[in-house]
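**Q** Sharing a sequence plus its predicted fold:
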Amino acid sequence: MAGSKRSGEVLLKRAYLPAVPEDGTRVLVDRLWPRGLARTKAAADVWMKDIAPSNELRRWFGHDPERWSEFRRRYKAELAANPEALKQLRSLVRKGRVTLLYGAKDERHNQAVVLEELLRR
């Protein structure tokens, strides 16, 4: 499926792509609702704003691939300071397939990729 990628029970998918039954629980991991996307079209079961990068980190990163390594480091530090959010996400994954939804156009450089890495551990 274009725009999604599998990793065990965790999928990554742009929020703008249609929902399919195979998505399982759809979790939006953006702090801001994706621009121009109707809530019904997103079909997000859960919106985890608190697990998303802080506004400061999000603005600094700007989805610039040159800043990817430093973004990952800083985002992981933010997540370490907010263990409850990651614990909640892990709990959903234990119950079955979860699709992490993100609004970014870049499928390789966004917070869902970092979350997937952490969930695989």
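**A** Received, thanks. Residues are numbered from 1 along each chain as shown.

**Q** any idea how far E78 is from A52?
**A** Per Cβ to Cβ, to the nearest Å, A52 is found 9 Å from E78. Quick note: C-beta positions are derived from backbone N, CA and C, even for glycine.

**Q** Of those two, give the one with the bigger neighbour count.
**A** A52 (22 against 16; other Cβ atoms under 10 Å).

**Q** correct me, but that one touches D30?
**A** Yes: the criterion here is Cβ atoms under 8 Å, and A52 meets it with D30 at 5.4 Å.

**Q** Give me the common contacts of these two.
**A** Q111 (Cβ atoms under 8 Å, 6 or more residues apart in numbering).

**Q** mind listing the helices for the protein?
**A** Along the chain, counting by DSSP state H, helices occupy 39-42, 55-61, 68-80, 83-95, 111-120.

**Q** Going by neighbour count, list what's buried in the second one.
**A** In this case it means helix 55-61. For helix 55-61, burial by neighbour count (16 or more other Cβ atoms under 10 Å) applies to 57-58, 61.

**Q** coming back round to it: check the helices of the chain for me and report the most buried one.
**A** Neighbour counts (mean count of other Cβ atoms under 10 Å) averaged over each of the helices of the chain peak at helix 111-120, with a mean of 19.

**Q** Report the inter-axis angle for that one versus helix 83-95.
**A** Counting by axes from the mean of the first three to the mean of the last three Cα atoms, to 10 degrees, helix 111-120 lies at 70 degrees to helix 83-95.

**Q** any idea of the angle helix 111-120 forms with helix 68-80?
**A** Using the same axes, to 10 degrees: helix 111-120 against helix 68-80 is 60 degrees.

**Q** so what does helix 111-120 touch, helix or strand wise?
**A** When contacts are defined as 3 or more Cβ pairs under 8 Å, 6 or more residues apart in numbering; DSSP states H and E, helix 111-120 packs onto strand 4-7, strand 10-14, helix 68-80, helix 83-95, strand 98-102.

**Q** and with 6 Å instead?
**A** Where contact means 3 or more Cβ pairs under 6 Å, 6 or more residues apart in numbering; DSSP states H and E, helix 111-120 is packed against strand 10-14, strand 98-102.
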